[in-house]
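A.B. asks: Got a predicted structure plus its sequence, pasted below:
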Amino acid sequence: MSDQSNHREGAPSKRGEAAWKEARERVAARNDQARKAGKQRREASERQRTEARRTAEHRRMAEFLAKRRTP
């Protein structure tokens with residue numbers, strides 16, 4: 001009996017250049033996914049920071065206007 005651990009779904013394992021190319025493509029795909037996920041996290045974080053700055057600015061402006069109106 002042959003060892004089936006190197007086989008995927010009955011297909012023979014790739015060797016040499018084909019195996020190297022397949023491994024490189026898997027790494028590239030994982031890198032693309034990681035890059036996409038990182039970009040989404042950065043964008044979400046930036047949106048939260050922008051909203052927090054905007055809220056703080058509105059609060060400061062409201063306080064400033066309230067002080068200006070009272071004699």
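C.D. replies: All right, it came through fine.

A.B. asks: who does the one helix or strand H58 maps to touch, helix- and strand-wise?
C.D. replies: Using DSSP states H and E, H58 sits within helix 16-69. Helices and strands touching helix 16-69, as assessed by 3 or more C-beta pairs under 8 Å, 6 or more residues apart in numbering; DSSP states H and E, are absent. C-beta here means a position set from N, CA and C on the backbone, and glycine is covered the same way.

A.B. asks: same question for that helix, mean pLDDT?
C.D. replies: The predicted model gives helix 16-69 an average pLDDT of 96.

A.B. asks: so how far is that helix from its chain's centroid?
C.D. replies: 8 Å (C-alpha atoms, centre = their mean, to the nearest Å).

A.B. asks: Give the buried residues for stretch 20-39.
C.D. replies: When burial is assessed from 16 or more other C-beta atoms under 10 Å, stretch 20-39 yields no buried residues.

A.B. asks: Alpha carbons of that stretch, in CSV - could you do that?
C.D. replies: What follows is stretch 20-39, C-alpha atoms only, in CSV (Å, rounded to 0.1, in the frame of the first residue of the first chain):
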residue,chain,number,x,y,z
TRP,A,20,7.3,25.3,-5.7
LYS,A,21,4.9,27.3,-7.8
GLU,A,22,1.9,26.0,-6.0
ALA,A,23,3.5,26.8,-2.6
ARG,A,24,4.4,30.3,-3.8
GLU,A,25,0.8,30.9,-5.0
ARG,A,26,-0.6,29.8,-1.6
VAL,A,27,1.7,32.2,0.2
ALA,A,28,0.7,35.0,-2.2
ALA,A,29,-3.0,34.3,-1.6
ARG,A,30,-2.5,34.3,2.2
ASN,A,31,-0.6,37.6,1.9
ASP,A,32,-3.4,39.1,-0.2
GLN,A,33,-5.9,38.1,2.4
ALA,A,34,-3.8,39.4,5.3
ARG,A,35,-3.3,42.7,3.4
LYS,A,36,-7.0,43.0,2.8
ALA,A,37,-7.9,42.3,6.4
GLY,A,38,-5.2,44.8,7.6
LYS,A,39,-6.6,47.5,5.3
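
A.B. asks: Cool, thanks, talk later.
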